[in-house]
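Peer 1: Requesting a structural model of the entry that follows:
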Amino acid sequence: MAPRCGYCGSDDGPQGVHSFRVCRKRDFVCRYTLPDDNVFSLRGVCRNPEHSDIKCSACHEDGHSFNSQVPRIGRWQFGASGELRPAIRQRKLADDDFACRYRIALPGDGPAGAAA
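Peer 2: Predicted coordinates for the structure are as follows:
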């Protein structure tokens with residue numbers, strides 16, 4: 001059995017598997033825009049010009065796309081060097097994991113073997 005992507009649960013990469021780092025569905029809000037009480041927030045000003053050009057196709061707000069996730073404990077954790085990575089026992093997606101208020105978690109979203 002091939003390992004699955006920690007983000008989407010798929011194992012259909014070019015060699016039969018892909019990882020979180022190269023997942024095409026990986027999409028987060030800019031961590032500089034997160035509230036200060038979120039452990040994943042970054043302080044300062046985002047210097048990535050691409051982040052200011054993102055606009056949601058559903059709610060028409062700036063800073064996220066329709067599928068953008070907000071990193072939350074239970075789905076994400078910090079790696080040894082401070083990078084964001086999937087939690088070992090990643091819980092299933094919930095509606096509030098998405099930045100867009102119109103996006104809801106669907107049965108096919110997230111890792112296939114995620115904990116309830």
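Peer 1: show me what contacts Phe78?
Peer 2: 84-85 (Cβ atoms under 8 Å, 6 or more residues apart in numbering). All C-beta spots, glycine's among them, are computed from the backbone N, C-alpha and C.
Peer 1: 7 Å instead?
Peer 2: Neighbouring residues of Phe78 by Cβ atoms under 7 Å, 6 or more residues apart in numbering: Leu84.
Peer 1: where does the nearest residue to Leu34 once chain neighbours are set aside land in three-state SS?
Peer 2: The shortest distance from Leu34 to any non-neighbouring residue, by Cβ to Cβ, 6 or more residues apart in numbering, is to Ser41 (3.7 Å). Put simply, Ser41 is coil when judged by DSSP: H, G, I helix; E, B strand; the rest coil.
Peer 1: Tell me, please, where in this protein the pLDDT is lower than the cut-off.
Peer 2: Counting by pLDDT under 70, the ranges of the chain that qualify are 1-4, 6-21, 24-25, 107-116.
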